[in-house]
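Trainee: pasting a predicted model and its sequence here:
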Amino acid sequence: MSSADAGNPRVSIVRAADYDLALLRPAIERGLDMIGGLGSIVRPGSRVLVKINHLSPASEAERGIVTHPVFVEAVLELLKNTGADITVGDDIGVEVEDGFQVSGIRQMCQRAEVRLINLREQGFVETPCHGRVLERVYVSSAVLDADVIVNLPKLKTHSLTTLTGAVKNMYGIIPQGLRQSYHYQYMKVDDFSQVLTDVFSMAVPRLNIMDAIVAMQGEGPSDGKLRTMGLVLASRDAVALDAVATRIVGGEPFEILTTRFAHERGLGTGDLDRIDIAVDKLDEVAVSDFKFPASAAAALTRRVPGFIRRPLDRQLAVRPVVIRKQCTLCLECVNVCPTGAATQRGDAAYIDHHLCIGCMCCHEVCRYHAIRPTRPVAGRVMASVINALRRLWARVR
C-alpha cells in the first residue's frame with residue numbers, strides 16, 4: 001500500500017524474526033533507510049534522548065512489557081555512528097528493586113557505554129501546554145533539553161485505551177504522581193486520551209521505532225498474552241506509525257482516540273490514505289486474529305446514538321476484580337490507585353467498585369496476574385459478538 005503524494009508521511013515495516021542483535025541491527029537500519037536515513041534526522045553532536053517504554057513495577061524483558069533491551073541496543077549502535085550525545089531514559093517508580101536492572105536495560109546501556117537515567121533524577125519543569133485539557137504541565141528537563149527525541153514504543157494492547165503505541169509512550173515524560181492524578185481527574189477515556197495527546201504535543205518525537213517483534217495482545221499493557229509479530233515499524237510521524245500498527249493488528253486507526261485527536265490537531269497523520277507505507281503488501285504482515293482488550297468492544301459504541309449507547313456502555317464497562325488466590329499482598333495496586341478504591345481486606349487486596357473509576361492502573365501494575373478486568377454476563381456476550389464481527393471485518397477488508 002503506497003500513497004502517490006510524496007509529501008505524505010512514510011512508515012517502514014521490516015521483518016525481524018527475534019531479538020538477535022546481529023540480525024536486528026541491519027533490519028532496523030533498512031527500516032530507517034526507507035524513511036530517509038538516520039543521518040537526515042540526527043546530526044553529529046546532537047543531544048538525543050531515547051525514550052523507551054519501561055513500566056513499573058520491575059519486570060524481565062521476556063515478559064514483553066518493556067521495550068526489549070536488545071532492540072534498544074540495536075538502535076543505540078546505529079545512533080552512536082552519527083556522533084550524537086545519547087541518553088536513554090524513562091520515568092519509573094523507585095522500588096526496592098532497580099527496575100532497569102531487572103529488565104536488562106541497565107546492563108545493556110553499560111555494555112553500550114550510553115548514559116541511562118530515570119527521568120525524575122533530573123527533575124521536571126512546569127511548562128505552558130496550551131492543550132485541549134491541560135494549560136500547564138510538568139515535563140522532564142531531560143526531554144526539554146534534548147535536540148532530538150527518539151521514541152521506542154512497544155506494540156501492546158491497553159486495558160483503557162485499547163492500544164498503546166508511539167503517542168501514548170510519551171506520557172512517561174511527566175512525573176508518575178501526575179500521571180496517576182490525571183487518571184483521577186479525567187476519568188472518561190475520551191478526556192484521558194485528550195490529556196495523553198496534550199502531553200504528546202509537548203515533545204513530539206523526531207523519530208519513532210516500534211518494537212513489534214513480540215507484541216502483547218489481550219489485557220495489556222502488562223498482563224496480556226505475548227504474540228510474535230516479527231516486525232519493526234519506523235516513521236518520523238508517531239501518529240502515522242500508530243495508525244499503521246493499528247491496521248496491522250486488525251483495528252481501525254481512528255478508533256484509537258490518541259490517533260484521532262493527534263490527527264485532528266495536526267500533530268501527525270492518522271489517515272491511512274495519506275500515509276506512504278513502505279512494504280510490498282500490508283496484507284502480508286497484517287493479522288486477523290489479534291486479541292484486543294475487553295475495553296475495545298466498548299470503544300465501538302461511540303458510533304451509536306446516545307440514548308442507545310448509555311445502556312450499552314453500562315453493560316460493556318470493565319472493572320477490575322481481585323483473584324484472591326493469586327494475590328500476594330504486595331499492595332502495588334493500593335499504592336497506584338488514584339481514588340483509594342484499592343485497599344487491603346484480610347489476606348488479599350480488595351477493590352471498591354463504588355470508588356473505582358476504571359482507569360485500570362491496578363491491573364497495569366500487578367505482576368502476579370491477580371487483577372482481572374471483568375464485566376456483567378450480558379456485557380460479555382455483547383463483547384463476544386462485537387469482537388467476532390471485528391475479526392470478520394479484518395479478514396474481508
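Mentor: Nice, thanks for sending it over. Numbers count the residues shown, from 1 in each chain.
Trainee: got the domain ranges for the protein?
Mentor: The chain is divided into the following domains under automatic domain parsing: 10-285, 295-396.
Trainee: what's the average pLDDT for the shortest one?
Mentor: Translated: domain 295-396. What domain 295-396 shows for mean pLDDT is 81.
Trainee: per-residue pLDDT of Arg179, please?
Mentor: On the pLDDT scale, Arg179 is placed at 96.
Trainee: ok, now which ones touch it?
Mentor: Arg179 sits next to Tyr171, Gly172 when contact means C-beta atoms under 8 Å, 6 or more residues apart in numbering. In this view, the C-beta of every residue, glycine as well, is placed from N, C-alpha and C.
Trainee: return the set of buried residues in the helix or strand in which it is found.
Mentor: According to DSSP states H and E, Arg179 maps onto helix 176-185. Going by neighbour count (16 or more other C-beta atoms under 10 Å), the buried part of helix 176-185 is Gln176, Leu178, Arg179, Gln180, Tyr182, His183.
Trainee: columns distance to Ala203 on top of those residues, output as TSV?
Mentor: Shown next, in TSV, are those (distance: C-beta to C-beta, whole Å):
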residue	distance to Ala203
Gln176	17
Leu178	15
Arg179	15
Gln180	20
Tyr182	16
His183	20
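Trainee: nearest to Leu282 among the residues you listed?
Mentor: Arg179 (33.5 Å; C-beta to C-beta).
Trainee: now the closest one: how far from Arg372?
Mentor: Applying C-beta to C-beta, to the nearest Å, the value for Arg179 to Arg372 is 23 Å.
Trainee: and for Cys361?
Mentor: For Cys361, the distance to Arg372 - C-beta to C-beta - is 15 Å.
Trainee: these two - which one has more neighbours?
Mentor: Shown here are Cys361 and Arg372; by other C-beta atoms under 10 Å, Cys361 has more neighbours (26 against 17).
Trainee: ok, now how distant is that one from His183?
Mentor: Plainly put, Cys361 is 6 Å away from His183 if you go by C-beta to C-beta.
Trainee: so what sits against both of those two?
Mentor: Here Cys361 and His183 share the contacting residues Pro338, scored by C-beta under 8 Å, 6+ apart.
Trainee: spatially central, which residue of the protein would that be?
Mentor: Residue closest to the average C-alpha location in the chain (C-alpha atoms, centre = their mean): Thr164, at 2.9 Å.
Trainee: how about that residue, phi and psi?
Mentor: phi -120, psi 140 (degrees, to the nearest 10).
Trainee: Val244 contacts Arg10, doesn't it?
Mentor: No. In this structure, Val244 is not within contact of Arg10 by C-beta atoms under 8 Å, at 10.0 Å.
Trainee: list residues touching both of the two?
Mentor: Joint contacts of Val244 and Arg10 (C-beta under 8 Å, 6+ apart) are Ser235, Ile275, Ile277.
Trainee: would you double-check that the last one falls in a strand?
Mentor: In other words, Ile277. Yes. Per DSSP: H, G, I helix; E, B strand; the rest coil, Ile277 lies within a strand segment.
Trainee: what about it, how many neighbours?
Mentor: Other residues within reach of Ile277, judged by other C-beta under 10 Å, total 26.
Trainee: please, where are all the strands along the stretch 251-397 of the chain?
Mentor: If DSSP state E, counting those that start in this stretch is used as the criterion, the strands of the stretch 251-397 of the chain fall at 276-278, 319-322, 342-345, 348-351, 371-374.
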